[in-house]
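Trainee: Mind looking at a prediction? Sequence and model below.
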Amino acid sequence: MMSAEQNLAKLNVELPVIPKPKAIYKPCLIDGKYLYVSGHVPINPDGSRIQGKVGADMDADSARKVARHVGMCILASIKNQLGSLDKVKRVIKILGMVNAVPDFTLHPHVINGCSELFVEIWGEDNGVGVRSAVGMGSLPDGIPVEIEGLFELHD
Amino acid sequence: MMSAEQNLAKLNVELPVIPKPKAIYKPCLIDGKYLYVSGHVPINPDGSRIQGKVGADMDADSARKVARHVGMCILASIKNQLGSLDKVKRVIKILGMVNAVPDFTLHPHVINGCSELFVEIWGEDNGVGVRSAVGMGSLPDGIPVEIEGLFELHD
Amino acid sequence: MMSAEQNLAKLNVELPVIPKPKAIYKPCLIDGKYLYVSGHVPINPDGSRIQGKVGADMDADSARKVARHVGMCILASIKNQLGSLDKVKRVIKILGMVNAVPDFTLHPHVINGCSELFVEIWGEDNGVGVRSAVGMGSLPDGIPVEIEGLFELHD
């Protein structure tokens, strides 16, 4: 069985660089065997955000790619916090928030972009937790997707 | 004092059949003495979803009935996972999400439909946890209500 | 180092009076060393709610003041539950929900109003947890801001 770090290496991607918070929050917080992760946003290499209202400026497939990118940002934050993705035992929960038009219906399809990534990193069982994939009225900076999570750490 | 299963039997209803997830999530996840429950949606007996924007296609009272139905779907998922509702000690938290028009104001009235059911099953104290009852911009498949939860299990 | 209660006294404000829930929820719930706090709303001294859609009826700076007021309501509820804010060790998580127009972008600025208050009470480290600051389609009674939270208690 491959470790999370080996699985990440196999993807052959560079994790995004996560800027220090401008607002008042911690990107990650450890509480005993739990890792809480703040709502993460899609950050471009130049620090700007990917923007767009899903169902108007961007279709569901494009938004799914953004959700995967948000997942990459979460991996980067976890690595900043813990040093290694191998310290995470499993995904407990994610909340996937899609900034969509009022009649948008494909939120699960969008958030699967992040969930697939977590399966690639932590596997078919440990990479999958409970989830809500829902539509927001608006999101910070006009981003299309924001995702927060709760993870269990190894002892 | 009646057990949760006895209280369910008294309601004389059949729990909905919950289809296997099509997207990448677990309906329920056990972590020690906690049971995490994914955002649940209102599923018809034929597998289709109840649909409608609250405040436009559906009024608050109808949406409250949908919220009760979502609660029934949560009970069904918990029973699938644990075998018996009696293994749940109490409700810790629910997040009630209403797919409503921008000027809708009666979210607590709507989500009470689910909260009342949980009181009928687990009682006046253990059936009531903390809660947020809020309005989403959109929800998967155009459903009017989605609810997620956190429960404590008996030792 | 000042205690949370000493910090509150320094602010020289009177905490809002939180009415008993009309809907089916507990304002706070203790689970071992955790304190869960329901979505709190901005309550005026006469029991009415502060209302307004952010980005239409109210700008981001005004909404930030409302978020601080919601934070005061959370402090009041915690004090009702525990007797003293000193029993809280730290903020683990808050979810800041802004009832905004679809193109609103300044949610973190708004929710900072609550986060700043928690820093004033519990300090630069313990007062800051993980956070999502996001835009809802609608909120109960047309309020501009609702905030829920999770806190760790001292042993």
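Mentor: Yep, that arrived. Numbering: from 1, shown residues only, chains lettered A, B, ... in the order given.

Trainee: Show me what the longest helix along chain A is packed up against.
Mentor: The residue-count maximum for a helix in chain A (DSSP state H) belongs to helix A:60-82. Identification of packing neighbours for helix A:60-82 by 3 or more C-beta pairs under 8 Å, 6 or more residues apart in numbering or on different chains; DSSP states H and E yields strand A:28-31, strand A:34-40, strand A:88-99, helix A:107-122, strand A:145-153. Where C-beta positions appear, they are placed from N, C-alpha and C, glycine not excepted.

Trainee: Helix A:107-122 and that helix, what's the angle between them?
Mentor: Going by axes from the mean of the first three to the mean of the last three C-alpha atoms, to 10 degrees, helix A:60-82 is angled at 40 degrees with respect to helix A:107-122.

Trainee: tell me which parts of chain A are close to chain B?
Mentor: By C-beta under 8 Å from any C-beta of the partner chain, the part of chain A that sits against chain B consists of A:55, A:92-93, A:98-109, A:111-112, A:115-116, A:119, A:128-138, A:152.

Trainee: circling back to that earlier point, distance between the longest helix of chain A and the chain's centre?
Mentor: Here helix A:60-82 is found 4 Å from its chain centre; the criterion is C-alpha atoms, centre = their mean, to the nearest Å.

Trainee: ok, now stretch A:19-32?
Mentor: 15 Å.

Trainee: And the contacts of it?
Mentor: Residues from elsewhere that reach stretch A:19-32 (C-beta atoms under 8 Å, 6 or more residues apart in numbering or on different chains): A:18, A:35-38, A:40, A:43, A:47, A:77-78, A:80-82, A:153, C:92-93, C:108-109, C:111-112, C:115-116, C:119, C:128-131, C:133, C:152.

Trainee: Of those residues, grab the buried ones for PyMOL.
Mentor: One line in PyMOL is enough to select the buried ones among the contacts of stretch A:19-32; burial here means 16 or more other C-beta atoms under 10 Å in any protein chain shown:
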select buried, (chain A and resi 18+35+36+37+38+40+43+77+78+82) or (chain C and resi 92+93+108+109+111+112+115+116+119+128+129+130+131+133+152)
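
Trainee: tell me which parts of chain A are close to chain C?
Mentor: Taking C-beta under 8 Å from any C-beta as the contact definition, chain A meets chain C at A:22-29, A:31, A:36-39, A:53, A:95, A:97, A:99, A:102, A:135-142, A:146, A:148.

Trainee: how about 7 Å then?
Mentor: Neighbours of chain C within chain A, by C-beta under 7 Å from any C-beta of the partner chain: A:23-26, A:28-29, A:31, A:36-39, A:97, A:136-142, A:146, A:148.

Trainee: thinking again about what came up before, now the longest helix of chain A: mean pLDDT?
Mentor: Taken as a whole, helix A:60-82 carries a mean pLDDT of 98.

Trainee: Identify whichever of the helices and strands packed on helix A:60-82 lies nearest to B:E14.
Mentor: Nearest to B:E14, of all the helices and strands packed on helix A:60-82, is helix A:107-122, at 26.2 Å by C-beta to C-beta.

Trainee: Please work out the angle formed by the directions of that closest one and strand A:145-153.
Mentor: Computed with the same axes, to 10 degrees, the direction of helix A:107-122 lies at 40 degrees from that of strand A:145-153.

Trainee: so what's A:L11 up against?
Mentor: Applying C-beta atoms under 7 Å, 6 or more residues apart in numbering or on different chains to A:L11 gives the contacts A:E120.

Trainee: Please tell me how far it sits from chain B.
Mentor: Remark: distance between A:L11 and chain B (C-beta to the nearest C-beta, to the nearest Å) = 17 Å.

Trainee: Give me the nearest residue to A:I50, chain neighbours excluded.
Mentor: Distances taken as C-beta to C-beta, 6 or more residues apart in numbering or on different chains put A:P42 closest to A:I50, at 4.0 Å, once the chain neighbours are dropped.

Trainee: what's the burial count for the one you found?
Mentor: For A:P42, the neighbour count with other C-beta atoms under 10 Å in any protein chain shown is 26.

Trainee: Quick check, it in contact with A:V145.
Mentor: Yes: using C-beta atoms under 7 Å, A:P42 is in contact with A:V145, at 6.4 Å.

Trainee: what touches both of those two?
Mentor: A:V66, A:V70.

Trainee: for the nearest residue to A:P102 once chain neighbours are set aside, what are its contacts?
Mentor: Take A:P102 and drop its neighbours on the chain: the residue closest to it by C-beta to C-beta, 6+ apart is B:S138, 5.5 Å away. B:S138 makes contacts with A:A100, A:V101, A:P102, A:D103, A:F104, A:G135, B:N99, as judged by C-beta under 7 Å, 6+ apart.

Trainee: List only those of those residues flagged as buried.
Mentor: A:A100, A:P102, A:F104, A:G135, B:N99.

Trainee: count of residues packed around the closest residue to the last one other than its chain neighbours?
Mentor: Read it as B:N99. Nearest in space to B:N99, with sequence neighbours left out and distances taken as C-beta to C-beta, 6+ apart, is B:L139 at 4.0 Å. Using other C-beta under 10 Å, B:L139 has 30 neighbouring residues.

Trainee: what's the answer for A:P21, then?
Mentor: By other C-beta under 10 Å, neighbour count at A:P21 equals 13.

Trainee: Assign it to helix, strand or coil.
Mentor: coil (DSSP: H, G, I helix; E, B strand; the rest coil).

Trainee: Kindly report the same for A:G52.
Mentor: Per three-state DSSP, the secondary structure class of A:G52 is coil.

Trainee: quick one: pLDDT of it?
Mentor: Reported pLDDT for A:G52: 98.

Trainee: Hmm, it is touching A:P144, no?
Mentor: Yes: here A:G52 reaches A:P144: they are 4.7 Å apart, a contact under C-beta under 7 Å.

Trainee: Of the two, which one has the most company?
Mentor: A:P144 (29 against 19).

Trainee: distance of the more buried one from chain B?
Mentor: Using C-beta to the nearest C-beta, A:P144 is found at 12 Å from chain B.

Trainee: Contact partners for that residue?
Mentor: For A:P144, the contact set (C-beta under 7 Å, 6+ apart) comprises A:I50, A:G52, A:K53, A:V54, A:M58, A:A63, A:V66, A:V98, A:N99.

Trainee: so who does the fifth one touch?
Mentor: With contacts taken as C-beta under 7 Å, 6+ apart, A:M58 has the following neighbours: A:G52, A:P144.

Trainee: So in terms of bridging, what pairs with it?
Mentor: Counting by DSSP bridges, A:M58 is bridged to A:V54.

Trainee: Mind listing residues that contact stretch A:114-132?
Mentor: Contacts for stretch A:114-132 (C-beta under 7 Å, 6+ apart): A:4, A:7-8, A:11, A:67-68, A:70-72, A:75, A:85, A:88-96, A:111, A:147, B:24-26, B:28-29, B:36-39, B:146, B:148.
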